[in-house]
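A.B. asks: the sequence and its predicted three-dimensional model are supplied below.
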Amino acid sequence: MSDRQFERHQWLSTLSDKYGISPESETPASTDASFRSYWRVANNQGETFIVMDAPPAFESVEPFIRVTALFQKAALNVPTIYEAGVKNGFLLLSDLGRETYLNILNEDNAREWMLGAIDSLIKWQLSTEEGVLPNYDHALLSREINLFLEWYVDKHRHVTLNDRQQALLKVCFERILQNNLAEPKVFVHRDYMPRNLMATDPNNPGILDYQDAVYGPISYDIASLMRDAFISWNESFVIDMTVRYWEAARKAGLPVSSDFGLFWKDVEWMGIQRHLKILGIFARTHYRDGKDKYLADTPRFVNYVRQTAHRYDELHPLLYLMDQIEGTVPQYGYTF
């Protein structure tokens with residue numbers, strides 16, 4: 001038993017009388033690309049709970065507690081926090097089940113489940129209050145997108161860009177961020193994707209992993225939902241669902257553009273910021289944290305970046321750079 005597991009069991013033992021929980025019933029629930037881990041425990045009636053374990057040296061449970069209250073205020077389905085050991089980095093949560101959207105989605109049911117996710121997203125955005133969540137500003141967006149250069153390009157691909165290539169990348173990054181920052185701002189979950197949505201009935205979906213929520217671009221969460229890290233949809237389905245979100249958002253009075261073409265560009269340019277960031281994060285979780293499973297999904301994001309960069313003249317230099325980084329033969333002509 002590791003020291004951390006022992007500490008977690010000690011904390012659970014203090015709750016045994018109140019909840020009937022047995023630390024020995026603990027089984028892994030899930031892990032993510034951070035230092036957090038999640039464990040399922042049961043009481044003597046067979047009722048299950050989730051323990052969030054966030055080592056205080058690396059994570060804090062306080063953002064999760066604060067953002068949970070915001071989701072609950074919006075009448076959305078998130079875990080109930082029964083107990084909080086803030087100092088030690090433990091939370092005892094209600095169990096929203098074992099079925100994520102990622103587990104159950106297929107071509108036959110995707111439309112129904114995704115529309116449920118869109119409904120909840122709009123409720124979340126309608127609950128926006130300025131000054132409550134951290135601002136998704138230029139500094140934060142820039143730190144995220146630069147993870148691509150530090151971890152994916154340098155550490156994973158072992159590519160050193162020359163001065164011209166670095167200048168081109170800087171120009172592309174700034175074009176992307178300026179487009180992102182020009183969007184209206186709302187509450188942003190920041191990882192609103194099928195892996196973090198639970199199939200629950202009633203009150204679908206259950207929403208997880210929202211501790212990094214910010215006040216930022218309105219297109220971010222729909223881009224996350226439709227350009228997922230772990231599942232790819234055909235373009236017609238992505239556009240169909242994005243149109244349905246856009247129509248519902250306009251009807252609800254959210255500040256999306258009245259021109260779908262302009263909104264679609266915002267979604268794509270927000271998506272490319274996220275895709276570059278995730279390429280960096282997935283490389284970092286492999287090389288720094290020893291979590292190997294995420295690296296296998298990087299080709300999906302390389303493809304997302306290629307597709308989007310190809311569609312916009314202003315991003316063609318990024319397409320050229322991706323060819324250089326990936327060591328592939330250019331398939332397009334480039335002008336700068």
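C.D. replies: All right, it came through fine. Numbering: from 1, shown residues only.
A.B. asks: in the stretch 101-250 of the chain, which spans are helices?
C.D. replies: 101-104, 110-126, 138-147, 163-181, 220-226, 235-252 (DSSP state H, counting those that start in this stretch).
A.B. asks: surely residue 117 meets residue 196?
C.D. replies: No. Between residue 117 and residue 196 there is no contact, the gap being 10.1 Å when judged by CB atoms under 8 Å. To be clear about C-beta, it is placed using only N, CA and C from the backbone, and glycine gets the same treatment.
A.B. asks: to residue 296, which of the helices of the stretch 101-250 of the chain lies closest?
C.D. replies: Closest to residue 296 of these, according to CB to CB: helix 101-104, at 14.8 Å.
A.B. asks: which residues sit against that closest one?
C.D. replies: 113, 117, 194-195, 197-199, 205, 230-231 (CB atoms under 8 Å, 6 or more residues apart in numbering).
A.B. asks: list only buried entries from those.
C.D. replies: Among the contacts of helix 101-104, those classed as buried by 16 or more other CB atoms under 10 Å are 113, 117, 194-195, 197-199, 205, 231.
A.B. asks: any idea how far the closest residue to residue 85 other than its chain neighbours lies from residue 87?
C.D. replies: Nearest non-adjacent residue to residue 85, counting by CB to CB, 6 or more residues apart in numbering: residue 11, 5.3 Å away. From residue 11 over to residue 87 the distance is 10 Å, taken as CB to CB, to the nearest Å.
A.B. asks: cool, and residue 21?
C.D. replies: Separation of residue 21 from residue 87 (CB to CB): 20 Å.
A.B. asks: between the two, point out the one with more neighbours.
C.D. replies: For residue 21 versus residue 87, neighbours defined as other CB atoms under 10 Å are more numerous around residue 21 (25 against 8).
A.B. asks: contacts only, for the more buried one.
C.D. replies: 12, 15, 41-43, 49, 92.
A.B. asks: just the residues you listed now: which is nearest residue 181?
C.D. replies: Using CB to CB, residue 92 comes nearest to residue 181 of the contacts of residue 21, at 38.8 Å.
A.B. asks: any residues touching the strand or helix carrying that closest one, and which ones?
C.D. replies: Secondary-structure element containing residue 92, defined by DSSP states H and E: strand 90-94. Residues from elsewhere that reach strand 90-94, judged by CB under 8 Å, 6+ apart: 8, 11-12, 15, 19, 21, 49-54, 61, 64-65, 79-85.
A.B. asks: quickly run through the sheet partners of that strand, with directions.
C.D. replies: Using DSSP bridges, the strands paired with strand 90-94 are strand 48-53 (antiparallel), strand 81-85 (antiparallel).
A.B. asks: re earlier: among the contacts of residue 21, which are located in helices?
C.D. replies: residue 12 (DSSP state H).
A.B. asks: want to throw the contacts of residue 21 into a markdown table with distance to residue 225 and pLDDT?
C.D. replies: Formatted as a markdown table, the contacts of residue 21 follow (distance: CB to CB, whole Å; pLDDT from 0 to 100):
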| residue | distance to residue 225 | pLDDT |
| --- | --- | --- |
| 12 | 34 | 96 |
| 15 | 35 | 95 |
| 41 | 30 | 97 |
| 42 | 32 | 95 |
| 43 | 34 | 93 |
| 49 | 28 | 97 |
| 92 | 29 | 98 |
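A.B. asks: I'd like the contacts of residue 21 laid out as TSV, including neighbour count.
C.D. replies: Formatted as TSV, the contacts of residue 21 follow (neighbours: other CB atoms under 10 Å):
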residue	neighbour count
12	24
15	20
41	24
42	18
43	16
49	24
92	22
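A.B. asks: to residue 281, which of the helices of the stretch 101-250 of the chain lies closest?
C.D. replies: Across the helices of the stretch 101-250 of the chain, the minimum distance to residue 281, taken as CB to CB, is reached by helix 138-147, at 5.9 Å.
A.B. asks: could you tell me how far the closest one lies from the centre of the chain?
C.D. replies: Distance, stretch centre to chain centre, for helix 138-147: 15 Å (CA atoms, centre = their mean, to the nearest Å).
A.B. asks: next: stretch 14-23.
C.D. replies: Its chain's average C-alpha position is 32 Å from that of stretch 14-23, according to CA atoms, centre = their mean.
A.B. asks: now do residue 96 against residue 318, distance only.
C.D. replies: Here residue 96 is placed at a distance of 38 Å from residue 318 (CB to CB).
A.B. asks: those two - which one has more neighbours?
C.D. replies: Neighbours per residue (other CB under 10 Å) separate residue 96 from residue 318, with residue 318 holding more: 24 against 21.
A.B. asks: so what's that one up against?
C.D. replies: With the criterion set at CB under 8 Å, 6+ apart, residue 318 makes contact with 168-169, 172, 272, 305, 309.
A.B. asks: could you do residue 13 as well?
C.D. replies: Counted by CB under 8 Å, 6+ apart, residue 13 has contacts residue 23.
A.B. asks: per-residue pLDDT, it?
C.D. replies: Confidence at residue 13, expressed as pLDDT, is 96.
A.B. asks: repeat for residue 330
C.D. replies: For residue 330, pLDDT reads 59.
A.B. asks: could you do residue 32 as well?
C.D. replies: Residue 32 is assigned a pLDDT of 67 by the prediction.
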